[in-house]
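[1] Output the structure for:
(4 chains)
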Number of protein chains: 4
Amino acid sequence: MLEELKKEVYEANMLLPKYKLITFTWGNVSAIDRKTGLIVIKPSGVDYEKMGPEDMVVVNLEGNVVEGKYKPSSDTPTHVKLYNEFSEIGGVVHTHSRWATIFAQAGKCIKSYGTTQADYFYNEIPCTRDMTPKEIKGQYEYNTGEVIVETFKNANPIHVPAVLVKNHGPFTWGKDAVEAVHNAVVLEEVAMMAWNTEVLANHNIETMPKELIEKHFMRKHGPNAYYGQ
Amino acid sequence: MLEELKKEVYEANMLLPKYKLITFTWGNVSAIDRKTGLIVIKPSGVDYEKMGPEDMVVVNLEGNVVEGKYKPSSDTPTHVKLYNEFSEIGGVVHTHSRWATIFAQAGKCIKSYGTTQADYFYNEIPCTRDMTPKEIKGQYEYNTGEVIVETFKNANPIHVPAVLVKNHGPFTWGKDAVEAVHNAVVLEEVAMMAWNTEVLANHNIETMPKELIEKHFMRKHGPNAYYGQ
Amino acid sequence: MLEELKKEVYEANMLLPKYKLITFTWGNVSAIDRKTGLIVIKPSGVDYEKMGPEDMVVVNLEGNVVEGKYKPSSDTPTHVKLYNEFSEIGGVVHTHSRWATIFAQAGKCIKSYGTTQADYFYNEIPCTRDMTPKEIKGQYEYNTGEVIVETFKNANPIHVPAVLVKNHGPFTWGKDAVEAVHNAVVLEEVAMMAWNTEVLANHNIETMPKELIEKHFMRKHGPNAYYGQ
Amino acid sequence: MLEELKKEVYEANMLLPKYKLITFTWGNVSAIDRKTGLIVIKPSGVDYEKMGPEDMVVVNLEGNVVEGKYKPSSDTPTHVKLYNEFSEIGGVVHTHSRWATIFAQAGKCIKSYGTTQADYFYNEIPCTRDMTPKEIKGQYEYNTGEVIVETFKNANPIHVPAVLVKNHGPFTWGKDAVEAVHNAVVLEEVAMMAWNTEVLANHNIETMPKELIEKHFMRKHGPNAYYGQ
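    Purely as a prediction, here's the structure:
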């Protein structure tokens, strides 16, 4: 079932160590088949060296396992929540990549300081609020998805394909699994540069001009996009 | 004697350069066979490229050499002290890995800022007190073990499998040599992220909510553990 | 047409990933044949793994395509502007290399703190002014070239073969494509060291003595140059 | 002439890129044959990929070339000065390695914060004073050697086998070329950790206890040395 998508999700998971986004198995990628509403996701705690496409797990939009010899990643309820709420996305990535996680640990959003960020993100990359003790003790992974969705209640997830979960780490998404990984790489790069920009400026710096964000995002993603480096 | 454990300890030592935890020979791994009370440890000052399983040294819980063509690592008395005092551990690692050593040099503990740390450490990772001139001039390596044990007098070493020795560097441990190395890798990762979190926040930051530490540590290490990324 | 130069430009582009100056395709190199006034530049958005010398695009000094199956890099108007105004340069490089981009994002020039910089740059490496909303909304890439030229109105681009475009990233140049890439590598190195020098000094530091800049630049680039490390 | 030493110096030079101490050709290693008073040094500006043992240059203690098809490194007068003044050293290294150069650019010595440094350096690693305009305009490279020697007028260069030349970069030495490179690697490591220790402590930190420096340096280099990790 969904052999093509399993291969795609497997290969996207293998990009995480390639791009140095993970230590050990600290990350997972999923993708959805919108026709059937079925999600393919990395199995739980399996070593990347031993994993194959056939080990991917299939779950539905209620989060129930449909097929798989392993348990799905523990973060599955968060992925499922995002697919339910963000109807245009086709792939989701979660990692503890260093620079994005540092911002998440500090509870700070990643402000727009340069065109590298504006090429991909139309606004700052937000950080979620603290979860309540009740949310943490309850359906924690599902509730993690809820605070992400809450963070985007006035924003378009397609315009800002990433979020920092406070004291935890980033989730990114895209039209498919590979684009979600691509955005995870970009996020790490802009987080590293934003960190160093703020410290260079001794924590006293303004964001880039709005017109420049507009120009860079729109020449690449707008209706008249023409950009290619 | 203990050929299997020698191979295990040798291979665990070879993980130190693989994970970039050491420069030159600045590190050592040991493991204990609890049935016989014998400890296998890296020989002193032998190059990693030339070392083999048969070069490992066997010492007893009094720290005396039982077998070996080389001298055991100069840090052996510290390892031995930890095996005597922390009865549940099976492997010990010492390195001068960069980020953990930086915290040790600053005499600061590594506070809990994120779930990456809480997945492995139930509390902050402590730094030992200054050793007295008498402790330094006396049985220095043994006394290093003593101040580590003193640091854990009200703490469970299984819940926090790492310590920073002030002005020196980290020791980590685990149920066996490989887990001790695994924890040394995690320590380095969380130290790097904690450093950057504190500087990003301009040295003004609070630790993560207690409930979130509880959740992450317990979903992985508690009696009802279910976690796997 | 210009097969030799295409090969040269192709190979110079391939140096960008080799020297870790780029993520994905975030960079481009060009070179000019001064006899014919024709410029060879990287095509737009083509993967580095799939690109060959025959994919390079030829444009003239008005920025019009003369030959090529692909569109030229979107940054072509900036390159063309530089070739028109800086008559002694033969190659141009644009990247979003990390440390140079960090200074560009902070809107800060890279001051001269050491002989590594003075060996290549006779003065600080400047950062352009903010572009106006009109410049951004208009011929943006051409106007980017204009603000660079404006920044050098009282300076010699041969003495300082690099610039930081504010909130964007660096351009470097040289007598040919390979030298322009060489200067991009040096820029990244001196930017990294200048960043860390300023932070180590807690943002309170003076530049190096003028005589030392003079000595280092001139022993390497002056009429009586004798330097070779 | 001195074929064995040429091979040794060549191989020591090749360790500089291996240990990532240099960019391009920004470094050089030499060694002396104390019996004949002849020094073997890297030729000037030759690519590391094309260089062989036979390209090494031989100079005497007056700094005159005795044999060689290339010119010796421009830094030769500095090396020669050190061999004349520091009678116990057999090898010298100069690089622009990043972290040591950052301290040199800030004009700061590297204080002793941890045992990693104390294992090799009995005191802080000093930074030279500013050179005068006259010293810079005159025999600059020779004068560089003079200010290094001046810096050690009350110190033992064997106890502290490294120096930072202000606004320039480090020189290290040792009993032979390989040990001088070894010390250059250690210098880079302790500089990186000292930088991060000072910034973590928000520029407010004391050095390690004197007794701990004494213990670590002497257990490795003292008359009763017993150390081996």
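
[2] contacts, neighbours, all on C-alpha from now
    OK.

[3] ok, which stretches of chain A are strands?
    Taking DSSP state E, the strands of chain A run over residues A:27-33, A:38-41, A:57-60, A:65-67, A:91-95, A:162-165, A:169-174.

[4] residue with max distance from the center of chain A?
    A:N202 (29.2 Å; C-alpha atoms, centre = their mean).

[5] how far away is that residue from chain B?
    9 Å (C-alpha to the nearest C-alpha, to the nearest Å).

[6] Equivalent analysis for A:P17, please.
    14 Å.

[7] burial of the closest residue to that residue other than its chain neighbours, as a residue count?
    Nearest residue to A:P17, sequence neighbours excluded (C-alpha to C-alpha, 6 or more residues apart in numbering or on different chains): A:T23, at 7.5 Å. A:T23 has 16 neighbouring residues, counting by other C-alpha atoms under 10 Å in any protein chain shown.

[8] Phi first, then psi, for A:T23.
    Dihedral pair for A:T23: phi -110, psi 140, per degrees, to the nearest 10.

[9] what sits against the residue farthest from the centre of chain A?
    Residues in contact with A:N202 (C-alpha atoms under 8 Å, 6 or more residues apart in numbering or on different chains) are C:H203.

[10] The helix or strand bottoming out on mean pLDDT in chain A and chain C in contact?
    Sorting the helices and strands of chain A by mean pLDDT, DSSP states H and E puts helix A:210-221 at the bottom, at a mean of 95. Yes - contact of helix A:210-221 with chain C (C-alpha under 8 Å from any C-alpha of the partner chain) involves A:E211, A:L212, A:K215.

[11] what residue lies at the spatial centre of chain A?
    The geometric centre of chain A, computed from its C-alpha atoms, lies nearest to A:T172 (C-alpha atoms, centre = their mean), at 1.3 Å.

[12] For it, give me its contacts.
    So A:T172 contacts A:V92, A:V93, A:H94, A:P161, A:A162, A:V163, A:A180, A:V181, A:N183, A:A184 (C-alpha under 8 Å, 6+ apart).

[13] So for A:Q229, what's the pLDDT?
    At A:Q229, the model reports a pLDDT of 67.

[14] Can you read off the pLDDT for the residue nearest to A:P17?
    95.

[15] same question, A:P161
    As summarised for this prediction, A:P161 has a pLDDT of 98.

[16] For the residue nearest to A:I125 when sequence neighbours are not counted, list the residues it contacts.
    What sits nearest to A:I125 in space, not counting adjacent residues and going by C-alpha to C-alpha, 6+ apart, is A:I110, at 5.0 Å. A:I110 makes contact with A:F103, A:E124, A:I125, A:P126, A:A191, A:A194, according to C-alpha under 8 Å, 6+ apart.

[17] and A:I110, how far is that from B:T115?
    Distance of A:I110 to B:T115, computed by C-alpha to C-alpha, to the nearest Å: 19 Å.

[18] still on that earlier bit, could you dump the contacts of A:I110 into a markdown table and include pLDDT and neighbour count?
    As requested, the contacts of A:I110 are exported to a markdown table (pLDDT from 0 to 100; neighbours: other C-alpha atoms under 10 Å in any protein chain shown):
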| residue | pLDDT | neighbour count |
| --- | --- | --- |
| A:F103 | 98 | 30 |
| A:E124 | 97 | 17 |
| A:I125 | 98 | 21 |
| A:P126 | 98 | 22 |
| A:A191 | 98 | 24 |
| A:A194 | 98 | 25 |
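
[19] Now the two most distant members of those.
    By the measure C-alpha to C-alpha, A:P126 and A:A194 form the most distant pair in the contacts of A:I110, at 13.4 Å.

[20] check whether the longest helix seen in chain A contacts chain C.
    In chain A, with assignment by DSSP state H, the single longest helix is helix A:177-200. Yes - residues of helix A:177-200 contacting chain C under C-alpha under 8 Å from any C-alpha: A:M193, A:A194, A:N196, A:T197, A:E198, A:V199, A:L200.

[21] For chain A, what lies in contact range of chain B?
    Applying C-alpha under 8 Å from any C-alpha, we find that chain A lies next to chain B at A:25-28, A:43-45, A:73-75, A:96, A:98-99, A:101-103, A:105-106, A:133, A:136-137, A:167-168, A:195, A:198-199, A:203.

[22] Just the local confidence number for the residue nearest to A:I125, please.
    pLDDT recorded at A:I110 is 98.

[23] So it versus chain C, what's the distance?
    From A:I110 to chain C the distance is 13 Å (C-alpha to the nearest C-alpha).

[24] ditto for A:E11
    In terms of C-alpha to the nearest C-alpha, A:E11 sits 18 Å off from chain C.

[25] wait, what's in contact with that residue?
    A:P53.

[26] and with 7 Å instead?
    For A:E11, no residue meets the contact criterion (C-alpha atoms under 7 Å, 6 or more residues apart in numbering or on different chains).

[27] of all of chain A, which residue lies closest to chain D?
    Closest approach between chain A and chain D, counting by C-alpha to the nearest C-alpha: A:V199, at 11.0 Å.

[28] Apart from its neighbours in sequence, what residue is nearest that residue?
    B:L200 (6.9 Å).

[29] again, but for A:P43
    Computed as C-alpha to C-alpha, 6+ apart, the closest residue to A:P43 that is not its neighbour in sequence is A:P72, at 4.3 Å.

[30] ok, that neighbour touching A:V40?
    No - A:P72 lies out of contact with A:V40 (C-alpha atoms under 7 Å); the separation is 9.0 Å.

[31] Okay, A:K81 and chain C: tell me how far apart.
    The spacing between A:K81 and chain C, counted by C-alpha to the nearest C-alpha, is 30 Å.

[32] scratch that, A:Y19 is what I was asking about
    Distance from A:Y19 to chain C, by C-alpha to the nearest C-alpha: 10 Å.

[33] Kindly provide the distance from the closest residue to that residue other than its chain neighbours to B:V9.
    Once flanking residues are discounted, A:Y19 sits nearest to A:V185: 7.1 Å by C-alpha to C-alpha, 6+ apart. Going from A:V185 to B:V9 by C-alpha to C-alpha gives 36 Å.

[34] Could you check which of the two is surrounded by more residues?
    Remark: of A:V185 and B:V9, B:V9 carries more neighbours, 28 against 21, as counted by other C-alpha under 10 Å.

[35] Perfect, I'm done here.
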